[in-house]
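> return atomic coordinates for the entry below.
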Amino acid sequence: MLRKLGFIVFLLSVTIDVFGQGCSQCKLLAEQNSGLDESAFSSNMNFGILYLMVFPYLILMFIFRKPLLKFFKSLIGQAPSQ
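The predicted structure follows:
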């Protein structure tokens, strides 16, 4: 068991450089906007990150729409009455 855990930790530490290469959207914005001032560059980077982040959440919301609706309905039903 300890050997398996050590092997997994070793693999994760070796492949960590593969995940650190960055996304293509960020790299593209960094290359195109290197001559702009800092505020415009950071605004474009933030927009690119938000753009890439929205779609997985939309897909998850579509897949789990029924449990989410049940959850929110239960929250509304448990509102404190005075």
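
> where do the helices of this protein begin and end?
Assigned by DSSP state H, the chain shows helices spanning 2-14, 16-19, 24-32, 38-63, 65-77.

> rank the ones you listed by mean pLDDT and give me the bottom one.
Within those, the stretch with the lowest mean pLDDT is helix 16-19, showing a mean of 54.

> wait, what's in contact with Met61?
Residues counted as contacts of Met61 (Cβ atoms under 8 Å, 6 or more residues apart in numbering) are Leu68. Glycine gets a C-beta too; all of them are placed from N, C-alpha and C.

> mind checking how far it is from Leu11?
For Met61, the distance to Leu11 (Cβ to Cβ, to the nearest Å) stands at 33 Å.

> again with Pro56
Pro56 is 25 Å from Leu11, where distance means Cβ to Cβ.

> with Leu69 instead?
Separation of Leu69 from Leu11 (Cβ to Cβ): 40 Å.

> and for Leu50?
Going from Leu50 to Leu11 by Cβ to Cβ gives 32 Å.

> then Asn46?
Distance from Asn46 to Leu11, by Cβ to Cβ: 33 Å.

> Val54 too?
32 Å.

> and if you look at Lys70?
Counting by Cβ to Cβ, the gap from Lys70 to Leu11 is 40 Å.

> Ser74 too?
Distance from Ser74 to Leu11, counting by Cβ to Cβ: 42 Å.
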